[in-house]
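**Q** Give me the fold of what follows.
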Amino acid sequence: MEHLTPVQQKFVLHWGEMGTRWGVNRTVAQIHALLYIWPDPLNAEQICELLSVARSNVSTSLRELQNWGIVRVVHVMGDRRDHFESMKDVWEMFQVVMDERKRREIDPTIALLRECVDEAGRAKRDAESHKRLKNLLDFFESMNDWYAQMRALPSGAVARFVKMGSKVRRMLGLAS
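**A** Residues are numbered from 1 along each chain as shown. Got it, this is the predicted structure:
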């Protein structure tokens, strides 16, 4: 089995660090990084060897990555073991991660904010809380609506839109 090159090791370690900052387990992020940059699908034993990680940790991490929808099982001719590969299209991968984060984080927050706004609106002593919660709910709902519009676009169109940054600023009269 090959070893990680210095560049691959640097990237995998950094991605693991960034993962912890994003609330993702370090090993999960490192395995994702490895599968993203590795040219061929890897089986669990190869991942264990390359990252010096316990088999149980690799299995748990692979399930998590599959649950996110950014890693999938593939089969290699002549090998009965499962092999794994990451999505390679970074724009599509970003959208899948954003969909999952929205489902896990934003949707429950919007639901809670709606409940809080309703409850605060009925309570006489919570007028200021009601106002602030309503502002926050309006913000989250606006961003959620914007996200739905962006998500309806093909990933190539989203990439072009994002890369238009300075052109959009000029179009809005905000260019410096």
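**Q** What segments of the protein are strands?
**A** 42-43, 71-76, 79-86 (DSSP state E).
**Q** Residues touching the second one, excluding its own?
**A** The reference is to strand 71-76. With contacts defined as CB atoms under 8 Å, 6 or more residues apart in numbering, strand 71-76 is touched by 31-32, 35, 41, 43, 62, 65-66, 82-87. C-beta coordinates here come from the backbone N, C-alpha and C atoms, glycine included.
**Q** quick one: which of those residues is nearest residue 149?
**A** Proximity of the contacts of strand 71-76 to residue 149 (CB to CB) peaks at residue 87, which lies at 22.7 Å.
**Q** what's the neighbour count on residue 58?
**A** The number of residues packed near residue 58 is 23, by other CB atoms under 10 Å.
**Q** Give me the distance between it and residue 3.
**A** According to CB to CB, to the nearest Å, residue 58 stands 17 Å off from residue 3.
**Q** Check residue 55 too.
**A** 19 Å.
**Q** Apart from its neighbours in sequence, what residue is nearest residue 34?
**A** Residue nearest to residue 34 in three dimensions, not counting chain neighbours: residue 12, with 5.5 Å by CB to CB, 6 or more residues apart in numbering.
**Q** Please report phi then psi for residue 25.
**A** Here is the backbone geometry of residue 25 (degrees, to the nearest 10): phi -50, psi 140.
**Q** Let me see the contact set for it.
**A** Here residue 25 is in contact with 19, 61, 64 (CB under 8 Å, 6+ apart).
**Q** Give me the number of neighbouring residues for residue 74.
**A** For residue 74, using other CB under 10 Å, the count is 12.
**Q** Show the pLDDT at the residue nearest to residue 34.
**A** Note on residue 12: pLDDT of 98.
**Q** how near is the nearest residue to residue 109 once chain neighbours are set aside to residue 146?
**A** Counting by CB to CB, 6+ apart, residue 140 is the residue found nearest to residue 109 once chain neighbours are left out, at 6.3 Å. Using CB to CB, residue 140 is found at 11 Å from residue 146.
**Q** what does residue 83 give?
**A** According to CB to CB, residue 83 stands 38 Å off from residue 146.
**Q** and if you look at residue 135?
**A** 17 Å.
**Q** Next, work out how far apart the residue located most distally from the centre of the chain and residue 130 are.
**A** The outermost residue of the chain relative to its centre, with distances by CA atoms, centre = their mean, is residue 124 at 40.6 Å. Using CB to CB, we find residue 124 at a distance of 10 Å from residue 130.
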